[in-house]
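# Curious how this folds, go ahead:
(one chain, ligands or ions: 1)
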Amino acid sequence: MRRRRPTPNPSRKRVGLQAMTPAARLQTAIEILDVIAAAAREGGAPADSIFAEAMRARRYAGSKDRRAIRGHVYDAIRLVRSAPVSGRAAMLALADDDPAMADLFDGSPYGPMPIAADEPRAEKGLAAQALIDLFDPLVEAGEGEAMLARAPLDLRANRIKSSAADLAKLFPEGEAIAGAVDGWRLPPETAAAQHPAYADGIFEVQDAASQYASAALDASPGQAIVDLCAGGGGKTLAIASLTGGDAEILACDTNRARLQQLSPRAERAGATRIETRLLNPDQEPEMLADRQGRADRVFVDAPCSGSGTWRRSPELRWRLTPSRLDRHLADQAKLIDIGADLVAPGGKLLYAVCSIIAREGRVQVDGFLNRHPGWTADSGYLPQGIGRAAGHGFLLTPAHDGCDGFFLARLTRPC
Ligand SMILES: C[S@@+](CC[C@H](N)C(=O)[O-])C[C@H]1O[C@@H](n2cnc3c(N)ncnc32)[C@H](O)[C@@H]1O
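Presented below is the predicted three-dimensional model:
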């Protein structure tokens, strides 16, 4: 039986403004990992929310403490391939490669207990083999490292108010992004969103893959566009920017909290022609009856496993179960069909998932083309050198394209 540690006294720490000891930071990271692993197994809150909540509950932790704890938590998540039995098992796996960290398991006040000879370690690796087996066949064995490396911070200039040249002046430490004309790349964790220009709608934070996807829609000023799964509106705003704010965009989602984020963002961006519509699940076609067969462009940025975004949310690979994947697959097939019914003759639908799983990408599009005779798959809509042809669409991966993993397919309705 392990000795229980006393609970740290927050008020004593706050009054004294003492930094936590390295061992106390490590123990805190272990406790947070316990919660993250349980949430991953049970489909609970994402790691970032759990971490933020844990820090709110530990107000005695200063900014250096938080940084150190966050570093431990995310280093462990990146290292361990599936949800560990405990936060301690994950941290022990990390400490096996880091003698200085192993020394912190010293039993000091608020620190982790010493390491016992027979303690279990969580398994290291990219992901469970059953999950790796689902990757698109284009994904090569050597791509794993890039899939878990920390992602840069990509910005997108809002054409309604600025250009990438303006971003270059605001953030001279950055660099251009291949093929993303409005993009500007900064080191990870640059506090760009704290810059006053962000509040003025000059730019958005948006990964290059989402910028390529938005441009692939090939939207023009004056068109009628439906963004069927708009969420908080990241790509809706990119499409508005690409059309100079001059297209009529209907942004839909079934998630009220996400969709509500769009209006203030659109206002900041000066995108005045975006209308939002909250859909009831299973009543989408009825609620979109006024748009049937009328849209020039439909974007279906479908809910998915997020397997292309592990470098930002590495715990997503702890979460995917066969039944959760099946749910995504059913939603994707349903949404692409609903989206197709909105497209005008000769119009286009862009299907996108931030996933590198073949069944969410190329297999989903094969199914669509079988169900919709006459529809054709486009090509040549990605910048030179970006993406690899994957069935009737294209696959983007961190190793190959320097952006999040994505699958895209642009489909044209017959006239
Ligand atoms: C990948 S996210 C979209 C991200 C968003 N396009 C962006 O760029 O920020 C998928 C979205 O689909 C939404 N969704 C799920 N089922 C839906 C449905 N039946 N109809 C419309 N949206 C749905 C989810 O709420 C989620 O916001």
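
# Might you name the residue of the stretch 1-150 of the chain sitting closest to the ligand?
residue 46 (13.2 Å; C-beta to the nearest ligand atom). C-beta here means a position set from N, CA and C on the backbone, and glycine is covered the same way.

# Check what pLDDT that residue gets.
Listed pLDDT for residue 46 reads 94.

# what does residue 15 give?
Predicted confidence (pLDDT) for residue 15: 47.

# dump the residue contacts of whichever residue of the stretch 301-415 of the chain sits closest to the ligand.
Taking C-beta to the nearest ligand atom, the ligand has its nearest neighbour within the stretch 301-415 of the chain at residue 301, 3.6 Å off. Residues near residue 301 by C-beta atoms under 8 Å, 6 or more residues apart in numbering: 213, 227-231, 235, 352-353.

# same thing but 7 Å
By C-beta atoms under 7 Å, 6 or more residues apart in numbering, the residues touching residue 301 are 229, 235, 352.

# sorry, back to before: what is the burial count for the residue of the stretch 1-150 of the chain closest to the ligand?
Using other C-beta atoms under 10 Å, residue 46 is surrounded by 16 other residues.

# Now it: closest residue in space that isn't a chain neighbour?
Distances taken as C-beta to C-beta, 6 or more residues apart in numbering place residue 313 nearest to residue 46, at 6.7 Å, with adjacent residues excluded.

# Specify the local secondary structure of that neighbour.
Classification of residue 313 using DSSP: H, G, I helix; E, B strand; the rest coil returns coil.

# what about the residue nearest the centre of the chain, distance to residue 386?
Centroid-nearest residue in the chain: residue 309, 4.9 Å away (criterion: C-alpha atoms, centre = their mean). Distance, residue 309 to residue 386, using C-beta to C-beta, to the nearest Å: 17 Å.

# same question, residue 361
On the measure of C-beta to C-beta, residue 361 and residue 386 end up 16 Å apart.

# Ok, residue 279 next?
Per C-beta to C-beta, residue 279 is found 32 Å from residue 386.

# Next to the ligand in this structure, residues from this structure, please.
Within the chain, the positions adjacent to the ligand are 210, 228-232, 234-235, 252-255, 258, 279, 281, 284, 301, 303, 331, 335 by C-beta under 6 Å from any ligand atom.

# and with 5 Å instead?
Within reach of the ligand by C-beta under 5 Å from any ligand atom, the chain has these residues: 229, 231, 234-235, 253-255, 258, 301, 303.
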